[in-house]
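Student: have a look at this fold, sequence not included:
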Ligand SMILES: Nc1nc2c(ncn2[C@@H]2O[C@H](COP(=O)(O)OP(=O)(O)OP(=O)(O)O)[C@@H](O)[C@H]2O)c(=O)[nH]1
């Protein structure tokens, strides 16, 4: 892996971190980016904007200044022409950076509200040059508190956007009552129990919450989300627990979280289980992360993947109980069968 940026003049040689910003139509993506641009101090940001249709309105709505380079993709939905327009735009951006025409510390990709994030994320793994030069930071999904329930009922892609999220930003909570908000939070949590949820009012959220979070790095931390963060003023972010009952599969959202828990596992057996799981169901596994305890090593075995792209790495040793936890955000998985198979990998 390349070193982190240490010298301003070398910044273009380090991998360019990219944040994918998704969320259904009108969720508040442009508002959030504008807040970031207004409060951005010194970082040079390239933004790829994608609008479904011939005229790119979002690009025009963004507040530009000299530290911002905006690339507009307006030729249809980015997920439909993924191998073409997005890949080409990324290559062009890298060429501009190489030629010194623009320096970028960071890339934001705002998808159209109708885009399924899966092919977009995969584009960053498929092309060799992009894989080497651009580093996926996180998928951030904005959720419109007012409309999300209807959107989930009517548009499959809305669940996919939530399922893919590393972090979720709840918008427009100022316009709904507490009961409605709890329904929204429970429904989000049923689809994705892994992503932390933050609340933003008119895009006001410190950038550290959604930028540079390294969600695609193999890391030790894994928890199942039990609450959400509320930022009434941006200096003061509080964690709040859900008062609503945690729901798992009560709605007909195709996408849901599957949680596998066990004690110490046999490394060969869990390796074979993961291989079979990814081979058979990779297409239906949007995101998965696990911290596993294997009997042959004191360290945590970290597993992390998107569809069929999977990585394993040893992290720091366990402190306290040696417990294995694997969370899969996916659809149509034969959960009971897989749970039994997972438990059969326990070290005897
Ligand atoms: N009440 C309220 N309105 C908000 C909030 N965040 C955004 N909005 C409004 O929601 C509308 C849509 O916001 P945008 O930022 O354009 O949403 P978008 O996701 O970029 O929209 P598309 O590009 O069409 O998908 C705008 O009128 C915003 O002012 C919020 O937290 N509260």
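Tutor: That came in fine, so what should we check first? If you're wondering where the values come from, they're calculated on a predicted model, not measured in any experiment.
Student: only C-alpha atoms for contact and neighbour calcs from this point on.
Tutor: OK.
Student: could you give the mean pLDDT of stretch 321-329?
Tutor: Mean per-residue pLDDT for stretch 321-329: 89.
Student: poorly predicted segments of the stretch 1-150 of the chain, please.
Tutor: 1-13, 51-69, 71-84 (pLDDT under 70).
Student: all strands of it, in order?
Tutor: All strands of the stretch 1-150 of the chain, identified by DSSP state E, counting those that start in this stretch, fall at 16-23, 45-50, 68-73, 106-110, 134-144.
Student: what's the answer for the stretch 151-300 of the chain, then?
Tutor: For the stretch 151-300 of the chain, the strands defined by DSSP E, counting those that start in this stretch cover 167-171, 196-200, 227-233, 236-241, 255-262, 285-293, 299-306.
Student: and the strands of the stretch 1-150 of the chain: which comes nearest the ligand?
Tutor: For the ligand, the closest of the strands of the stretch 1-150 of the chain is strand 16-23, at 6.3 Å, according to Cα to the nearest ligand atom.
Student: show residues contacting the closest one.
Tutor: Strand 16-23 is contacted by residues 29, 104-113, 115, 117, 133-143, 158, 161-162, 211-212 when judged by Cα atoms under 8 Å, 6 or more residues apart in numbering.
Student: near the ligand, from these?
Tutor: Taking Cα under 6 Å from any ligand atom, the overlap between the contacts of strand 16-23 and the neighbourhood of the ligand is 29, 112-113.
Student: re the thing from before, now render the strands of the stretch 151-300 of the chain as TSV, adding mean pLDDT and distance to residue 151.
Tutor: Formatted as TSV, the strands of the stretch 151-300 of the chain follow (pLDDT from 0 to 100; distance: least, Cα to Cα, whole Å):
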stretch	mean pLDDT	distance to residue 151
strand 167-171	95	14
strand 196-200	92	18
strand 227-233	50	21
strand 236-241	50	25
strand 255-262	86	14
strand 285-293	84	20
strand 299-306	83	24
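Student: which one of those lies closest to residue 335?
Tutor: Of all the strands of the stretch 151-300 of the chain, strand 255-262 sits nearest to residue 335, with 7.1 Å by Cα to Cα.
Student: and that closest one, what does it pack against?
Tutor: For strand 255-262, the packing partners by 3 or more Cα pairs under 8 Å, 6 or more residues apart in numbering; DSSP states H and E come out as helix 156-164, helix 178-191, strand 324-331, helix 335-343.
Student: looking at these, which is buried most?
Tutor: Mean neighbours per residue, mean count of other Cα atoms under 10 Å, is largest over the helices and strands packed on strand 255-262 for helix 156-164, with a mean of 26.
Student: quick check: angle from that helix to strand 167-171?
Tutor: With axes from the mean of the first three to the mean of the last three Cα atoms, to 10 degrees defining the directions, helix 156-164 sits at 130 degrees from strand 167-171.
Student: show me what helix 156-164 is packed up against.
Tutor: Under the contact criterion of 3+ Cα pairs under 8 Å, 6+ apart, helix 156-164 touches strand 16-23, helix 117-126, strand 134-144, helix 148-154, helix 178-191, strand 255-262, strand 285-293, strand 324-331.
Student: in the protein, which residue is most central in space?
Tutor: Closest to where the C-alpha atoms of the chain average out (Cα atoms, centre = their mean) is residue 139, at 2.5 Å.
Student: residues in contact with that residue?
Tutor: 19-22, 164-167, 215.
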